[in-house]
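A.B. asks: Coordinates for the following, if possible.
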Amino acid sequence: MPENVQLRHHDYLIKVGTLQPGQTVTTQLALDKDSGFIARGRAIHLTPPAVATGQSQLVNYFDRFQGPDLEYFSDAPTRFYNENANFGQFGNFLPIRQPVYYPPGGSIHIEVTNNDPGVMTGVEVYFRGSKVFRPGVLSCHGYPAGNLSFLPFLFPQTVTLAIAQNVLNGSIQAQSDSDFVIRGINMGCFAGVRGGTGGGAQTGYVQLYIQLKDADGRFYSNLPVHVDTCFGSLGSMGNGNASPAGLSSGPYRPPLLLPEIYLPANTQLQFDLYRADSAFVNQLSAQVYLLFQGMKVFRMGN
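C.D. replies: Numbers count the residues shown, from 1 in each chain. Reported below is the predicted structural model:
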């Protein structure tokens, strides 16, 4: 990897699609040409055949991936569940040790296998990491020089979405008295049961995606990413999209961003939300909670 670079949080999503029982598919994702990419973690997700099924089919999902030299990191596909019981979801990505650097315009090759007796639909593979830019390619905000003071701070948001609705250009804005550095993001619903039956189900969802973007409209992912996979640890645990082992995720273990997202005073982080739950029975409007966690950054007199 080159030296003296600018790093920026980024998620790459590979849409594998439908996998028949016993089927193996090899596919690849072409990376952006404007920057390199450090892959730091992986996750998987699928579209459940029914609300109650959740992500349970992924227990029988196997895969492996290649580095920039087109060499696989395992001799054969391995069972993802054996390495991460949450499938990398709720922001608890399966760490890539050591992180892998892909050059600008490179590609990530993956081989995936469905060893489940049922059809897997809408299979997605996520790579979380950092884009690597040469200095000066994009505006880069960071901690100012001089003496600084920090205060833990939260920006909460609540958005209500219909069964099939997109909400574009939502935002949080750093206050005028300080900068704000985003270190973790939680998203989800406080619903005990999905599907319109049971207490609290009015706020449930199944297929909800988000795409973060800066004030210049530059996205933090190549495609909208599933809320529960990348950020969903705020109340989503009770909703059935996965079964976190030992409650290993939640507001006290927020999905962290690396590097942080730094907002100078009065600047914004924007987001687009996409909900597509028409295929699921008994769905209602969903009240989605977003919590941006971090620190206010104050400039102090020298």
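
A.B. asks: so who does the residue at minimal distance from the centre of the chain touch?
C.D. replies: Centroid-nearest residue in the chain: residue 230, 2.4 Å away (criterion: CA atoms, centre = their mean). Contact analysis of residue 230 by CB atoms under 8 Å, 6 or more residues apart in numbering lists 11, 43, 91, 126, 128, 210, 221, 255. Every residue, glycine included, has its C-beta placed from N, CA and C.

A.B. asks: burial measure for residue 143, as a count.
C.D. replies: Per other CB atoms under 10 Å, the neighbour tally for residue 143 reads 13.

A.B. asks: mind checking which helix or strand it is in?
C.D. replies: Using DSSP states H and E, residue 143 sits within no helix or strand.

A.B. asks: quick one: which helix or strand includes the closest residue to it other than its chain neighbours?
C.D. replies: Spatial nearest neighbour of residue 143, chain neighbours left out: residue 297 (6.6 Å); criterion: CB to CB, 6 or more residues apart in numbering. According to DSSP H and E, residue 297 maps onto strand 286-299.

A.B. asks: Show the contacting residues for the residue nearest to residue 143.
C.D. replies: Residue 297 neighbours (CB under 8 Å, 6+ apart): 143-144, 148-150, 178-181.

A.B. asks: Now flag whichever of these is closest to residue 78.
C.D. replies: residue 181 (36.2 Å; CB to CB).

A.B. asks: Each with direction, which strands does the helix or strand harbouring that closest one pair with?
C.D. replies: Using DSSP H and E, residue 181 falls within strand 179-188. Strand pairing for strand 179-188, determined by DSSP bridges: strand 256-263 (antiparallel), strand 286-299 (antiparallel).

A.B. asks: quick one: it to chain centroid distance?
C.D. replies: 13 Å (CA atoms, centre = their mean, to the nearest Å).
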